[in-house]
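*Asks:* have a look at this fold, sequence not included:
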């Protein structure tokens, strides 16, 4: 017998809001990847990590949907959704590690937008930190 999951209205609103933010961010990733002259208000390290962060966000959306459907199922179907959810959670952990590598060391290069691949990440951070300490 399948149990039903009653998600409160605020839960559905938050999922819809997250989907909207993920869709808007996905549009920005395409612009980031294709347009090297576009100005961003964020520091370069955050801009470099944007593609991985958006992928991570979509993985969270998928995990939420798998959780809702999996809790509504029973038996073998529920077991399949549990396995799928574990795969997605492993993917989320891998993306988080990848994101840390991209914003910290600008590596691996395949996850960095082409026009930002030649930048050095760590020395710039140390220069920014030294400059921030010197200013009154």
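*Replies:* Sure thing, it's come through. All values reported here derive from a predicted model rather than from experimental measurement.
*Asks:* on the three-state scheme, residue 119 is what?
*Replies:* coil (DSSP: H, G, I helix; E, B strand; the rest coil).
*Asks:* neighbours of it, how many?
*Replies:* Neighbours of residue 119 under the rule other Cβ atoms under 10 Å: 13. Every residue, glycine included, has its C-beta placed from N, CA and C.
*Asks:* residue 101 too?
*Replies:* The burial count assigned to residue 101 is 17, neighbours taken as other Cβ under 10 Å.
*Asks:* distance-wise, check it relative to residue 87.
*Replies:* 21 Å (Cβ to Cβ, to the nearest Å).
*Asks:* and residue 14, by the same measure?
*Replies:* According to Cβ to Cβ, residue 14 and residue 87 sit 24 Å apart.
*Asks:* now do residue 43
*Replies:* Look at residue 43 and residue 87: by Cβ to Cβ, they are 33 Å apart.
*Asks:* ditto for residue 81
*Replies:* Separation of residue 81 from residue 87 (Cβ to Cβ) stands at 11 Å.
*Asks:* so for these two, which sits in the more crowded spot?
*Replies:* More crowded of residue 81 and residue 87, by other Cβ under 10 Å: residue 81, with 19 against 13.
*Asks:* SS state for residue 93?
*Replies:* Classification of residue 93 using three-state DSSP returns helix.
*Asks:* give me the buried positions along the one helix or strand residue 20 maps to.
*Replies:* Assigned by DSSP states H and E, residue 20 belongs to helix 9-34. Within helix 9-34, the residues that qualify as buried by neighbour count (16 or more other Cβ atoms under 10 Å) are 22, 25, 29, 32.
*Asks:* lovely, talk soon.
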